[in-house]
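Participant: Structure of the sequence below:
(chains A and B)
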Amino acid sequence: MNKSILTLSFSILLLALAGGEAQAKELTVDEIVKKTNHAAYYQGQDGRSKIKMTITGKGGEKRVRSFTALRRNNSEDDGDQSFYIYFHKPADVAKMVFIAQKKVKGADDRWLYLPGLDLVKRIAASDERTSFVGSDFFYEDVSGRNINADHHKLLETTKNFYVLEHTPKKPGSVEFSSYKMWVHRTSFLATKVEYYNKQKKKYRVMTVDSVVKVQGYSTVKKATMQSLLAGTKTTIEYDSEYNIGLPAKLFGERYLRRAPLKYLK
Amino acid sequence: MKSQRIITFAIEHPKLIVRGMLAITVVLLAFAGVPTLMPDSLGFMPQVTVDTDPENMLPKSHPARVFHNAQKERFHLHDAVVLGVVNDDNSNGVFNPSTLAKVYQLTEFAKGLEGVIESDVMAPSTMDSIENAGPGTVRFDWLMAEPPADQAAATAVRDRAMRLPFLKGTMISSDGKALVIYIPIKEKSIAHEISSSLREEIARLGAGSDQFYIAGLPVAEDTFGIEMFVQMAISAPLAMILIFILMWVFFRSLTIITSPMLVAMASALSTMALLVLSGNTVHIMSSMIPIFIMPIAVLDAVHIISDFFDTYPHIGDRRKTLEKVMAHLSAPMLYTSLTTAVGFGSLALTPIPPVQVFGIFIAIGVLAAWIFTILFVPAYIMLLSPKRLEGFGRNIEAHTTHKGLLSVLGKMRGIHAKIILLVSISLIAVAVVGIQRINVNDNPTKWFEEEHEIRVADRVLNEHFGGTYDAYLNLQFKAPKYSSEDYRTELIAAATSESKAVEEVFSELAALMAPLVGSDSFDALDTLDAAARKSKTSEPSAERRIAWGLALDLLGEQFEAADAVEGEESPLFGEQAIVQATRRAKKIQDAYGALTPLCADVVAASRSEFREALAAKLPSDALVASVLDSFLARQEQSQQVFKTPEMLRFIEGLQGAMAKHSAVGKTNSLADIVKIVNRDLISGEEADYRIPNTQAIVGETLTQYQSSHRKDDLWHFVTPDFQNTIVWFQLKSGDNMEMQRVISAVKTYVRAHPAPMELEEPSWFGLTYINVVWQEKMVSGMVNALLGSFVIVLIMMVVLFRSPLWGLLSMIPLTLTVALIYGVLGLSGKDYDMPVAVLSSLSLGLAIDYAIHFLARTRELRNAHGSWKAAQPRVFDEPARAISHNVIIVGCGFLPLLLAPLVPYQTVGLLIASILLAAGAATLVLLPALIHTFEGLLFRSPKKK
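Facilitator: Numbers count the residues shown, from 1 in each chain, chains lettered A, B, ... in the order given. Predicted structure coming up:
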C-alpha cells in the first residue's frame, strides 16, 4: 500500500541527502522547516511510542508518568493527524485517555476521558501552549506546532546543523517572542530548541539527548525540556515503532472509553 | 580609692585626657565608617549592614525559624511585594478596560524586573481559568489573556475570576472594587528597588481614578530601614539639642555644658563604631543605642557640673573644687554606672539576639561614658582659663526654677511621711491590678504610624480582601514505622482483598452476561459496558472499583475482537464471553496469589525499595505482570494521604470552622483546588463544588489542574509525595494575640475532629507565626532579665551601703517605678510590646541612679549633722537639686523621640520620660518619707563618719 511508497520515497530522500552537501545547502528555509516538521511528527504512516516521562520538580523530586501514544497520519502531505494517548501510571490516572485530531487548518479537536469520573470531555479550542499533564512539555510540543503559525529564518548553516529562528505571526497568542532551532542536516531532527520570552530572555530549552534508527527512521529516543524560570525539567524516553497499521476508527469517541488494549500493549 | 587616683591623674594631665578621648573616638569612627563609605579601601573590615527583618528577632538556629525556612523552601514560597489597585469611582470597580489595561501593563512590567520570580507572579493575566464551556466541554485558558477591548470583555474577566473561590478575596475583592498583583521576589533586599520601579511605571501610566497601594512585608521592612536612619539622623541630634538647651537653662555657661555634650557624643559614637566593627547589624533595636546612651552619658556629667556649680563659688579654685566634688561623687557615679550597665547587660540573658546586642552595647556605652566623664569632665574644666569660669555658679537662686518645690520637700514632717507611705502603698495596689491586665502583643506593621502609607495600604487592602497577614498551617502525615515484615503482611493483605473483589465482581459480570447470550454482540457489550461503568462509579469499595476496572478491560477486548470481525453483519454474543470472564478472573486471582511467594524473601530498607525489588522479579506472563504492576503502582500511592477524599474533607471541615473565626479572613488549601476543578470538569454547577468520592478522581482533577499555564502552583500547597500539605490562612490582623487565638482554635478543632489518618501535631509557619514565637520568648526572657538584674543590683547596693537594710531601701523607688509603669500600661490597655519590654531594664538602671545619689548624700549629711531633721534641708539643697536637674534634663532629652516616624521610638520616648519622672519623684518624695519614719532603724548604730 502507500506504506511502501512512503518508505521508498523517504529512502530516496535520505539517499539524496547523503549525496552531498552542495545539494543540501540549496534548500530554502521553508523546505528545511517542512522536512524538520516531517521528521518530528510524520515519519512512517503511523507509529506507537511507549513513553516514560520523568518530571523533575524545583526541589529535585522526580515524578514518573508512563503512557502509550498512538499516532496516525490522516493524509500523505504532512497534514492532519490523529493521536491517542493512554496513561498507565501513576495509578490514579491509569486508563485516562487523551485523543486529538490535529488539523493543519483550524483548531485541533481534543477529547479527554477521565476513568475515575467515567467522564468524556471535549476540550474547548483554546491555548495549546499549556502544560501537558503537568510536565514541562506543552500540548503543542507533543502534537507539533503548525508551521504556518511562524515566520522562519535561516540564521546560519554549520557543519552539522541548520540554525533557524522562528517568530510568531500572532505574537499576542503565544508567550514566546521567538525560538531558535538547531536542525540536524542529515536526519532533519531538531536536536535543540531555545525559546525566548517577551523580555528576550531564554526561558525554555528542549534538547534531544539520544537518537536511534527505528525501522530505518532516525527517531528521538530521549529528549528533555527545561523550564528555566520555574527551575523544573521533564525528560521523555521513547520506545517507538512505526507502521503498525492503526485503523482510523481507534481515534473515534467510541474508543475513548474503551481503550484498544491490543494496540496499546 | 582607686578612682580618686585616676581623677587626680586627669586633673594633672588634662591635655593628654582630652586628646586621648578624641583620638579613640576618631579612630573607631574611621575604622567603622571607611569600609562603608569607601568599600574598596578596607575590604577586610565589616561594613554597616542594616537589618530590618523581623525574623531576626529569633536566632537563625531557632527551631521555629529553621522550620519556617525549610517549609518555605519546600513549598517554594517567597516573600512578595503586593501591588493593590482600588477603584471606587467606576461602577465596575477595577474591572473596566482602562484599569485592567494598566494592571496588564504593570504585570508585564513587573515580570521583566530583575529579581522577580516571573513564573510565580499572581495577576489576572498570569492566572488560569478553568471553566465549563457548554455541555461536555471544558475550557482551560488565561483568566485575562490580553487587556480587554471593551467593558463587556472586562466584565467577562470579572465574572470568570469571581467563579474561582481561590482568587476571590485573595487576588480580587468580592465587590470587584480592588485587585492585587502578588510579585514574589528572590531577595527581600530588592523590595525597595522593585517598589520604586513600580511607582515610576504607575506614574508613567497615570493613576487616573485608580488608587495604587504598595504593601507586603519586604516593602515594610525596607521602609523601616530608611526610617531608622531618619530617626538616628534627626531624633538623636534633636535629643542632644534639647539636652543642651536645658543644661543652658540650669547652668548658663556654654563653655561648661559643652563638656557633657562631648562626653555623650564620644560615648554614643564610639559605641556605634564598636557595634559596626564587631560585625553586628544596625537593627531596629541597635538603632536606638545612641539615643539611649546620650542621655545616660549626660547624667553623670550633670552631677559633676551641678556640684561644681554649687561648690565653685565657695572655694574659687578649680582643682580644689574638683577634688571635693569628685570625692563625694566618685563612688555614687561608679555604682550608678555599674547598675545601669547591669540593667542593660541583663538583656544579654534574653533569647532574642537583637535585644542581646542592644543590651550589651548599651552597657559598654554606659561604662565608656563613665570613664569619659570622670576623666574628661575634670580635665576639660582644668583646661579652661579661670577667667571663663568667672561668675559661674553665682546666681543659684535666680536660676533654680523648681527650688520652691524642693524646699517644701525639705520641710516634710511626720504626718506628711505617713500620707506619702499610704499613697505609695495604694499606688502599688493599683499597679498590681494593672499588671494583671497587661496584654502581650506586638505587630510589626503597627511599628509605623497610623497615617504612614504602609499602614494606609495595609488598612485599605485588609478592607477589600480576606486579610494580608499570612500564616501557614502545616499538616504532616505520620507514617507508621516501616519494617519489611510489616510491609510484606500489608501487601499480601491488600492483594488478597483485591483478589477477593475480583472473584465477586467477575461472577457478577458472568451473571450479567448470561441473559445476553445470543443477542447482537455490540448491543450486548454496550449493555454490559454501561452496567459495569455504573457499578464502578457508584461502588464504595476501592477494591471492587479496581475489579470493575479489570472487568471493563475484558469487555473492551471483547469489543475490539467483535469490531475486528470483517463483514456486514454484527457477530452474536456467545457463551464464550462467559467462559472468558471466568478464566480471566481465575488468572487475575492467580496473579495476586503469585505475590505471596514473590514477597517471601524480600528484605528492603523502605517501602519504595521493597516495591522496586518486587517489580524486578515479576513473572514474564503478560497478564500476571500487568496485574501486579498496576497493583504496585497503586501501592506506591497508598501513603499519598492528602489525595484521599477523607483527608481532603478533614481539611475542608477545618477550613469551614476557621472561616467563622473572627481573626480569619480567608483560608486556601489543596481541598479548594480539588473542588474547583471537580466542579468545572463535571458541570460547572455549584452542586459539583465538592470533594470527589475517590482518590482516582482527586488524581484526575489534580492532573487537569496541572495541565495549565501554572503546573507548579500545586506544589505551593502539597509536597509531591502528598504527605505534607499546608492551609494558607489570610489573617485580618498581624497582632500576635489574634494569631494565638487562631492557633488555639485550630488545636481545639483538631482535638474534637481528629484527622481520619494519623497526623503529626499540627504546626505553623509564616511570619505572623514567627512573631508569636519571639513574643513569647521576649516576655519570659524579659521577666528573667529583670529579676536577674534586680538581684544583682540589690547585692551591689548592699555592698555599696554595707547594709542589707540600706540596700533594700535603695531598691524601693525603682520597684515602685517599674510597678507603676507596668500598672499604667495594663490599665491603659496599651500592648506590652518589644520596646516596652526593653524599657524595664532601663527603668531599673536609671531609677536606682537617683536612689544611690540621694541615699549616699543623705547618709553622709545625716551622719555629719547627727539627725535627719538637721540634715534634711541640706539634702534638699544641692543633692536634691542635682537629682531634679537630672530628671528634667534626661527625661526631656528623650522627648524628641515623640517626633520619630516609627511608633516604637515614640513609645520609648514617652515611657522613658515617665520612668524618669516617676523614679525622680519616688526618690525625692518616698525615700525621705521612709527615712523619716524608719530613722531609728536605719541609723541605729552609725558606724562611720
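Participant: can you list the weak-confidence ranges in the chain?
Facilitator: I'll assume chain A. A:1-25 (pLDDT under 70).
Participant: Switch to chain B, please.
Facilitator: Residues of chain B meeting the criterion pLDDT under 70: B:1-4, B:34-47, B:391-405, B:407, B:410, B:412-414, B:940-945.
Participant: Show me which helix runs longest in it.
Facilitator: Identified as the longest helix of chain B according to DSSP state H is helix B:767-801.
Participant: After it, heading C-terminal, what element do we hit next?
Facilitator: helix B:804-828 (DSSP states H and E).
Participant: now the helices for the stretch 301-450 of chain B?
Facilitator: Counting by DSSP state H, counting those that start in this stretch, one finds helices in the stretch 301-450 of chain B at the ranges B:318-345, B:353-383, B:396-399, B:403-410, B:414-436.
Participant: Which stretch among those approaches chain A most closely?
Facilitator: Smallest distance to chain A across the helices of the stretch 301-450 of chain B (CB to the nearest CB): 29.3 Å, for helix B:353-383. Where C-beta positions appear, they are placed from N, C-alpha and C, glycine not excepted.
Participant: which ones are touching B:Ile651?
Facilitator: Each residue near B:Ile651 by CB atoms under 8 Å, 6 or more residues apart in numbering or on different chains is listed here: B:475, B:642, B:669-671, B:725, B:727.
Participant: Nearest residue to the residue of chain B found nearest chain A in space, ignoring adjacent ones along the chain?
Facilitator: Closest to chain A within chain B is B:Gly699: 2.6 Å, counting by CB to the nearest CB. Spatial nearest neighbour of B:Gly699, chain neighbours left out: A:Asp92 (2.6 Å); criterion: CB to CB, 6 or more residues apart in numbering or on different chains.
Participant: what's the distance between the one you found and B:Asp680?
Facilitator: When distance is defined by CB to CB, to the nearest Å, A:Asp92 is 19 Å away from B:Asp680.
Participant: what does B:Val325 give?
Facilitator: Noted for B:Val325: a distance of 87 Å to B:Asp680, by CB to CB.
Participant: With B:Gly359 instead?
Facilitator: In terms of CB to CB, B:Gly359 sits 58 Å off from B:Asp680.
Participant: B:Pro896 now?
Facilitator: For B:Pro896, the distance to B:Asp680 - CB to CB - is 61 Å.
Participant: Which of these two has more residues huddled nearby?
Facilitator: Relative neighbour count places B:Asp680 above the other of B:Pro896 and B:Asp680, with 25 against 22, counting by other CB atoms under 10 Å in any protein chain shown.
Participant: in chain A, what residue is nearest chain B?
Facilitator: In chain A, the residue that lies nearest chain B is A:Asp92 (2.6 Å; CB to the nearest CB).
Participant: and that residue, helix, strand or coil?
Facilitator: Under DSSP: H, G, I helix; E, B strand; the rest coil, A:Asp92 falls in the helix class.
Participant: ranges for the helices of chain A?
Facilitator: Secondary structure of chain A by DSSP H: the helices cover A:2-19, A:21-25, A:29-41, A:139-143, A:254-257, A:261-264.
Participant: Spell out for me which residue occupies the centre of chain A.
Facilitator: By CA atoms, centre = their mean, chain A has its centre lying nearest to A:Val142, at 3.8 Å.
Participant: Just to check, it is in contact with A:Phe132?
Facilitator: Yes: using CB atoms under 8 Å, A:Val142 makes contact with A:Phe132 at a distance of 5.3 Å.
Participant: ok, how many other residues are close to the closest residue to B:Pro901 other than its chain neighbours?
Facilitator: Closest residue to B:Pro901 apart from its sequence neighbours, by CB to CB, 6+ apart: B:Glu227 at 4.9 Å. Neighbour count for B:Glu227, taken as other CB under 10 Å: 22.
Participant: State whether B:Glu227 is indeed within a helix.
Facilitator: Yes: assessed by three-state DSSP, B:Glu227 belongs to a helix.
Participant: Check the spacing between B:Pro645 and A:Lys103 real quick.
Facilitator: Distance of B:Pro645 to A:Lys103, computed by CB to CB: 39 Å.
Participant: quick one, which of those two is more surrounded?
Facilitator: Using other CB under 10 Å, the more surrounded residue of B:Pro645 and A:Lys103 is B:Pro645, with 19 against 14.
Participant: Now the more buried one: closest residue in space, sequence neighbours ignored.
Facilitator: The nearest residue in space to B:Pro645 (CB to CB, 6+ apart) is B:Ile691, at 5.2 Å.
Participant: my guess is that neighbour contacts B:Arg649, does it?
Facilitator: Yes: between B:Ile691 and B:Arg649 there is a contact under CB under 8 Å: 5.3 Å.
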